[in-house]
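Enquirer: sequence plus predicted model, see below.
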Amino acid sequence: MSDLRLQCGCGSVRGQVRDFAQRSRTRTVCHCVDCQAYARHLPDTVSILDEFGGSDIVQLTPAQVTIDQGMDQLRCLRLTPKGLYRWYADCCKTPIANTVSPGFPFVGLMHNALIINGPLDGCLGPVNFYVQGKSAKAPRANQKVHAGFPVSWFLASAPWMIWGKIRGKHKPSPFFDADGKPPIKPEVLQG
């Protein structure tokens with residue numbers, strides 16, 4: 001296991017991912033309309049989305065993530081009142097992560113918030129799943145792209161999420177306080 005550095009584009013928000021192991025995570029490229037809408041809300045869609053409209057996301061537990069600097073720059077966006085919590089750095093609009101809820105041991109870190117020396121596959125491991133292909137901007141050659149979320153995605157993600165829940169890895173979380181509240185009020189785009 002190793003640690004990874006987390007940082008927004010301008011360096012105001014910094015943190016780390018502790019105990020990162022390729023075997024205990026799921027790496028997913030999501031092409032859903034919500035991920036694309038989130039990217040359009042932030043000004044630099046080129047660094048968020050690939051040429052197919054996909055967001056490269058590493059899925060971990062919140063307890064693995066710390067933000068050591070720049071919490072005052074952290075902002076939260078929800079596309080709908082019950083949608084994912086989508087976290088970004090207000091200073092430079094770098095997307096940081098997605099979370100489901102305070103009690104759920106899941107954080108999806110955006111690839112561009114991680115400091116990676118070399119190819120992503122070398123550090124993060126290969127992409128396990130390409131999902132929500134029905135919303136992709138173009139077909140991916142030589143890749144299996146699922147129209148939605150396949151059962152195999154749930155089967156691959158479930159063990160570390162269940163283990164994370166049993167071991168209480170939803171806490172501590174930089175995205176929710178001890179009472180399960182986000183540190184800042186989320187902006188909701190659609191009421």
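Expert: It's in. Numbers count the residues shown, from 1 in each chain.
Enquirer: mind listing the helices for the chain?
Expert: Counting by DSSP state H, the chain forms helices over residues 33-41, 45-48, 120-124, 151-166, given from the N-terminal end onward.
Enquirer: pLDDT averaged over the second one - what is it?
Expert: The predicted model assigns helix 45-48 a mean pLDDT of 70.
Enquirer: equivalent analysis for the longest one, please.
Expert: Model confidence over helix 151-166 averages 86 on the pLDDT scale.
Enquirer: alpha carbons only: can I get it in CSV?
Expert: As requested, C-alpha coordinates have been extracted for helix 151-166 and formatted as CSV (Å, rounded to 0.1, in the frame of the first residue of the first chain):
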residue,chain,number,x,y,z
VAL,A,151,-24.0,-6.3,-12.3
SER,A,152,-20.3,-7.1,-12.4
TRP,A,153,-19.6,-3.4,-11.3
PHE,A,154,-21.7,-4.0,-8.2
LEU,A,155,-20.0,-7.3,-7.5
ALA,A,156,-16.6,-5.8,-7.8
SER,A,157,-17.4,-2.8,-5.7
ALA,A,158,-19.5,-4.5,-3.0
PRO,A,159,-16.8,-6.3,-1.1
TRP,A,160,-14.7,-3.2,-0.3
MET,A,161,-17.9,-1.1,0.4
ILE,A,162,-19.3,-3.8,2.7
TRP,A,163,-15.9,-4.2,4.4
GLY,A,164,-15.7,-0.4,4.6
LYS,A,165,-19.1,-0.2,6.3
ILE,A,166,-18.3,-3.0,8.8
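Enquirer: any buried residues in that helix, and which?
Expert: Judged by neighbour count (16 or more other C-beta atoms under 10 Å), helix 151-166 contains these buried residues: 153, 156-157, 160-161, 164. The C-beta positions use only the backbone N, C-alpha and C, and glycine is treated the same way.
Enquirer: worst-scoring helix or strand of this protein, pLDDT-wise?
Expert: Evaluated with mean pLDDT, DSSP states H and E, the helix-and-strand set of the chain has its lowest mean pLDDT in helix 45-48, which scores a mean of 70.
Enquirer: coming back round to it: next, give me the two most distant ones among the buried residues of helix 151-166.
Expert: The most widely separated members of the buried residues of helix 151-166 are Trp153 and Gly164, with 16.3 Å between them, by C-beta to C-beta.
Enquirer: Leu124 contacts Gly118, correct?
Expert: No. In this structure, Leu124 is not within contact of Gly118 by C-beta atoms under 8 Å, at 10.4 Å.
Enquirer: before we move on, back to that, from the buried residues of helix 151-166, which is closest to Phe20?
Expert: Using C-beta to C-beta, Trp160 comes nearest to Phe20 of the buried residues of helix 151-166, at 12.2 Å.
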